[in-house]
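Student: below is the sequence, then the predicted model.
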Amino acid sequence: RLQDSALISTATFGAGNAGVITIRAAESVALSGLGAAALRQILLSAVAGTLNRNNFEFGILLSTQGAGRAGMMTIETRNLTMTEGAFLSTSTNGSGAGGSMIMRAEAIDIDSSATISSAGPLSTGTAGETVLETGTLRLMNGGAILATTLGSGLGGNITINADTVAASGSSVGRITGFSSSSLLGTGRAGNIEIDARRIVISEGAFITSGSGGTIESLVVGGGPGGNIILRASESIEVRGISPETQVASVVATRSFGDSRAGNTRIETRELIVSEGASLNVAGGFQTNGAGDAGTLEIVANSIRLEALSSLSASTASGQGGNISIQTRDLQLRGQSTIATNAGNSDGGNIAIAAENLVALENSDITANAQAGFGGRVNISATGIFGTQFHAQITPESDITATSNLGANFSGVVEIKTPDVEATSGLWELTNQLQDSSQLVTQGCQADSGNEFYIVGRGGLPASPYEPLVAPLGETNWVEPAAVVPISHHS
């Protein structure tokens, strides 16, 4: 157990590599810190690029200040818990690469605590990787797994292999989720890759990768954003908002400046986005930056958007983002949207391949632009229900590709459904009538030893309102009664 002001650290300040930290416990490893306020100050120092070994009073730290590589940390146990501001960090502030943080456990709970991989402002080395292998991973009440680069080196990747991954419960001063970012420097943000059976992001939690971001309300740019890849054999669910901050749950790649946002790819059997949550890729997010939006790609058997939820690829001034969807069933309800809208540039493109597309209750599919050409919407589906192409947005469910500059700047909407020939499979009847006398055989000869059986009516009932019944079975032949001659007397 590591608690309060306990600190484990390994560092290098020159060309030599730092040492290795290995923790193995058969039952459990419990880490606790000095509370949420102390953790917040450390995270702010990391984001601002002022984090160094002297800032630490607790936690586990791997660092390099020179050309040597930072050490590696490995924790192996049955149950790993981090509470009350516990903190794990790997950092590089030189040309050496950051060390990797590897955690293996049956269950990992991160509550009001964090792990962070960082590359400082003057660093050229690659930040360390964060790897978690577990049955159940839960982030809650400000629990976070973070990676950032502020220099020219690459940001660290976050890789998770688990059965179940759940993040929930962001609040004021406590952010819950997974994030990689490039701030101030030119290095590309790290990728976030999660493989699981089930992934749930709820109550304002997030999975984000950003080019640029906010530091104490100041918006800054950065290098290119990283990619997000989520694979779940059963389901991915993104739902709801934080009751305290009213911030919606989100999976997003974003550019706050002029660099390009990363891409997001979703692979699962069932994707559910509900209660105001969203999946988005955005360029010039919250700014007028010229960064291009990324691509949002989804492959799933079933996709449901409900209650003001959205899939979006938007941009302020850069190249519009694209959305690609491959699914069997796509449902939009309750004013949900799929959009590649743009501000001062052309709208992005939307490509949907589905068996069934249902859009109800003013749910729209749009590739609109404010000051450029509308985008392109290509839909290929066996059946489309509740929506259709409209030249402009209406109170109904719409498919549009418009421009505020006028009809001449509208985009293209192409909807493909199978061509069904109504007369296919029908036989043309002849107009030549048959001679009924040729269809009836002659009666049997009375002296040729004939037999006659009654086996019931069989076939269909005489009336459509009668039930189908089994045949009545065989009826034995009844011998006729003897005929008594009648004498006639005159």
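Tutor: Thanks, I have the structure now. Numbers count the residues shown, from 1 in each chain.
Student: in a strand, Arg40, correct?
Tutor: No - assessed with DSSP: H, G, I helix; E, B strand; the rest coil, Arg40 is helix; it does not lie in a strand.
Student: what about it, neighbour count?
Tutor: Neighbourhood size, Arg40 [other CB atoms under 10 Å]: 16. Heads up, the C-betas are built off the backbone N, CA and C, glycines and all.
Student: quick one: it from Thr186, how far?
Tutor: Remark: distance between Arg40 and Thr186 (CB to CB, to the nearest Å) = 27 Å.
Student: where in the protein is pLDDT low?
Tutor: Low-confidence segments of the chain (pLDDT under 70): 47-57, 216, 286-288, 419-430, 433-490.
Student: element containing the most centrally placed residue in it, please.
Tutor: Nearest to the mean C-alpha position of the chain, counting by CA atoms, centre = their mean, stands Ile266 at 4.6 Å. Element membership of Ile266 [criterion: DSSP states H and E] is strand 264-274.
Student: and that strand, which strands flank it?
Tutor: Using DSSP bridges, the strands paired with strand 264-274 are strand 228-239 (parallel), strand 295-306 (parallel).
Student: could I get those as JSON lines with distance to Thr136?
Tutor: Shown next, in JSON lines, are those (distance: least, CB to CB, whole Å):
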{"stretch": "strand 228-239", "distance to Thr136": "14"}
{"stretch": "strand 295-306", "distance to Thr136": "23"}
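Student: turn those strands into JSON lines, including mean neighbour count and distance to Ser336.
Tutor: JSON lines is the format used below for these (neighbours: other CB atoms under 10 Å; distance: least, CB to CB, whole Å):
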{"stretch": "strand 228-239", "mean neighbour count": "21", "distance to Ser336": "12"}
{"stretch": "strand 295-306", "mean neighbour count": "21", "distance to Ser336": "4"}
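Student: looking at these, which is nearest to Ile108?
Tutor: Nearest of the strands paired with strand 264-274 to Ile108, taken as CB to CB: strand 228-239 at 17.5 Å.
Student: quick one: contacts of that closest one?
Tutor: 191-202, 207-209, 249-253, 262-275, 277-279, 309 (CB atoms under 8 Å, 6 or more residues apart in numbering).
Student: quick one on the thing from earlier: name the nearest residue to the residue nearest to the centre of the chain, sequence neighbours excluded.
Tutor: Ile298 (4.5 Å; CB to CB, 6 or more residues apart in numbering).
Student: check contacts around the nearest residue to Arg174 once chain neighbours are set aside.
Tutor: Nearest non-adjacent residue to Arg174, counting by CB to CB, 6+ apart: Gly142, 2.9 Å away. The neighbourhood of Gly142, defined by CB under 8 Å, 6+ apart, consists of 36, 39, 111-114, 169-171, 173-176.
Student: how about Leu137?
Tutor: Ala107, Ile108, Ile110, Ile160, Ala162, Thr164, Val165, Ala166.
Student: among the residues you listed, which one sits closest to Gly257?
Tutor: Distance to Gly257 across the contacts of Leu137 (CB to CB) is lowest for Ile160, with 27.9 Å.
Student: can you give me the distance of Ile60 to Ala86?
Tutor: 9 Å.
Student: and the helices in this structure?
Tutor: Along the chain, the segments classed as helices by DSSP state H run 36-48.
Student: show me what Cys271 bridges to in the sheet.
Tutor: Quick fix: residue 271 is Leu, not Cys. Beta-bridge partners, per DSSP bridges, of Leu271: Ile236, Ile303.
Student: for Glu297, that is, sorry about that
Tutor: Counting by DSSP bridges, Glu297 is bridged to Arg265, Ser324.
Student: quick check: it vs Ser403, distance?
Tutor: 25 Å.
Student: ok, now which ones touch Gly386?
Tutor: Val358, Ala359, Leu360, Ser363, Ser397.
Student: how about Asn349?
Tutor: Gly320, Asn322, Ile323, Thr340, Ala367, Gly375, Arg376, Val377, Asn378.
Student: what do you get for Met140?
Tutor: Listed by CB under 8 Å, 6+ apart, the contact set of Met140 reads Asp109, Ile110, Asp111, Ser112, Ala167, Ser168, Gly169, Thr176.
Student: what does Ile384 give?
Tutor: Neighbours of Ile384 in contact, by CB under 8 Å, 6+ apart: Leu357, Ile415, Thr417.
Student: which among those count as buried?
Tutor: Burial by neighbour count, judged by 16 or more other CB atoms under 10 Å, picks out Leu357, Ile415 from the contacts of Ile384.
Student: from the contacts of Ile384, which land in strands?
Tutor: Counted as lying in strands by DSSP state E, out of these, are Leu357, Ile415.
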